[in-house]
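Peer 1: just coords:
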């Protein structure tokens with residue numbers, strides 16, 4: 001049985017999927033450590049969850065794209081004697097852009113947050129996680145991880161990295177107390193930017209393929225606790241993934257580019 005003095009650490013925990021994960025974990029009586037950019041949303045989320053679910057919630061406002069930040073998160077946990085037995089690397093940046101017209105900072109942010117921060121957080125927290133009889137890592141990937149996407153070139157590649165890294169890490173940790181799960185959701189309405197991108201697609205696509213953050217969180221936590229390695233939430237999303245595997249690579253790349261280009265014109 002899980003020790004009720006342990007904590008679940010969630011990056012990007014103030015909004016979107018991260019907030020939904022926090023609420024789902026709190027519903028299961030897990031104490032929380034929410035790590036996100038400094039701001040009122042972080043404290044408001046923490047207070048809301050503590051009042052509704054009566055679990056311990058502490059927060060750290062920090063920019064994980066800064067090289068020293070993952071180390072600062074670990075030191076914060078150690079100095080407060082927090083024992084983390086679940087690490088959820090959810091923080092990430094999406095977006096659409098023409099690569100040659102985008103800024104260096106645009107690509108760098110996605111590499112630093114989607115890849116570097118996630119990898120370093122895993123590396124730093126594995127020793128602490130191993131001290132528990134059972135521990136979990138949940139990494140947030142994307143369905144974008146399964147093929148090259150023009151106009152989302154850096155983002156899709158970063159999520160492909162997350163998917164492959166998670167599967168490899170799970171195998172390395174096979175004989176330890178830690179299991180690693182990667183969740184690969186389709187588009188999710190989490191903020192003004194994602195709403196705008198999703199609304200460029202047809203209503204049928206939105207109806208059958210786009211899940212809300214709360215459903216994704218429930219599916220993700222269930223899968224993680226069952227030790228599943230990789231999941232794609234939503235029946236129709238899984239069907240679409242299997243169908244697209246049968247299509248020629250060049251066709252898929254060109255078709256996806258045509259669809260995603262609409263996001264640039266919104």
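Peer 2: Okay, I see it. Everything numeric in this text was worked out from a predicted model, so none of it was measured.
Peer 1: Every contact and neighbour count from this point should use C-alpha atoms.
Peer 2: OK.
Peer 1: Show me the strands in the stretch 51-200 of the chain, by range?
Peer 2: With DSSP state E, counting those that start in this stretch, the ranges of strands along the stretch 51-200 of the chain come out as 57-61, 83-89, 135-140, 178-183.
Peer 1: Next up, the contacts around residue 258.
Peer 2: Remark: with contacts taken as CA atoms under 8 Å, 6 or more residues apart in numbering, residue 258 is in contact with nothing.
Peer 1: looking at this, it is in a strand?
Peer 2: No: under DSSP: H, G, I helix; E, B strand; the rest coil, residue 258 sits outside any strand and is assigned helix.
Peer 1: From residue 152, how far off is it?
Peer 2: Counting by CA to CA, to the nearest Å, the gap between residue 258 and residue 152 amounts to 12 Å.
Peer 1: What ranges does the stretch 151-266 of the chain have for its helices?
Peer 2: 153-172, 192-198, 203-209, 213-225, 235-244, 249-264 (DSSP state H, counting those that start in this stretch).
Peer 1: export those helices to TSV and tack on distance to residue 72?
Peer 2: Shown next, in TSV, are the helices of the stretch 151-266 of the chain (distance: least, CA to CA, whole Å):
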stretch	distance to residue 72
helix 153-172	22
helix 192-198	29
helix 203-209	38
helix 213-225	26
helix 235-244	37
helix 249-264	36
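Peer 1: between those, which gets the lowest average pLDDT?
Peer 2: The weakest mean pLDDT among these belongs to helix 192-198, with a mean of 48.
Peer 1: which one of the helices of the stretch 151-266 of the chain lies closest to residue 127?
Peer 2: When these are compared by CA to CA, helix 153-172 sits nearest residue 127, at 13.7 Å.
Peer 1: Quick check: which helices or strands does that closest one pack against?
Peer 2: helix 104-111, strand 135-140, strand 178-183 (3 or more CA pairs under 8 Å, 6 or more residues apart in numbering; DSSP states H and E).
Peer 1: Need those in TSV (columns: mean pLDDT, distance to residue 94 and mean neighbour count).
Peer 2: Shown next, in TSV, are these (pLDDT from 0 to 100; distance: least, CA to CA, whole Å; neighbours: other CA atoms under 10 Å):
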stretch	mean pLDDT	distance to residue 94	mean neighbour count
helix 104-111	98	7	15
strand 135-140	98	12	26
strand 178-183	98	15	27
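Peer 1: Show me where the stretch 1-150 of the chain dips below the pLDDT cut-off.
Peer 2: For the stretch 1-150 of the chain, residues meeting the criterion pLDDT under 70 lie at 1-3.
Peer 1: ok, which stretches of it are helices?
Peer 2: Using DSSP H, counting those that start in this stretch, helices in the stretch 1-150 of the chain cover 16-27, 40-53, 69-79, 104-111, 118-130.
Peer 1: and among these, the most buried is which?
Peer 2: Burial of the helices of the stretch 1-150 of the chain is given as mean neighbour count (mean count of other CA atoms under 10 Å); helix 16-27 ranks first at a mean of 23.
Peer 1: Name the surrounding residues that touch that one.
Peer 2: 8, 10-13, 31-32, 34, 45, 49, 53, 55, 90-91, 189-191, 213-214, 216-218, 221.
Peer 1: So how do I select the buried members of the residues you listed in ChimeraX?
Peer 2: To isolate the buried ones among those in ChimeraX, judged by 16 or more other CA atoms under 10 Å, type:
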select :8,10,11,12,13,31,32,34,45,49,53,55,90,91,189,190,213,214,216,217,218,221
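Peer 1: State the number of residues packed around the closest residue in space to residue 212 that isn't next to it in sequence.
Peer 2: Sequence neighbours aside, residue 188 is the residue nearest to residue 212 in space, at 6.1 Å (criterion: CA to CA, 6 or more residues apart in numbering). Residues within reach of residue 188, counting by other CA atoms under 10 Å, total 19.
Peer 1: what does residue 60 give?
Peer 2: Around residue 60 there are 18 residues (other CA under 10 Å).
Peer 1: List the residues that contact it.
Peer 2: Contacts of residue 60 (CA under 8 Å, 6+ apart): 33-36, 38, 73.
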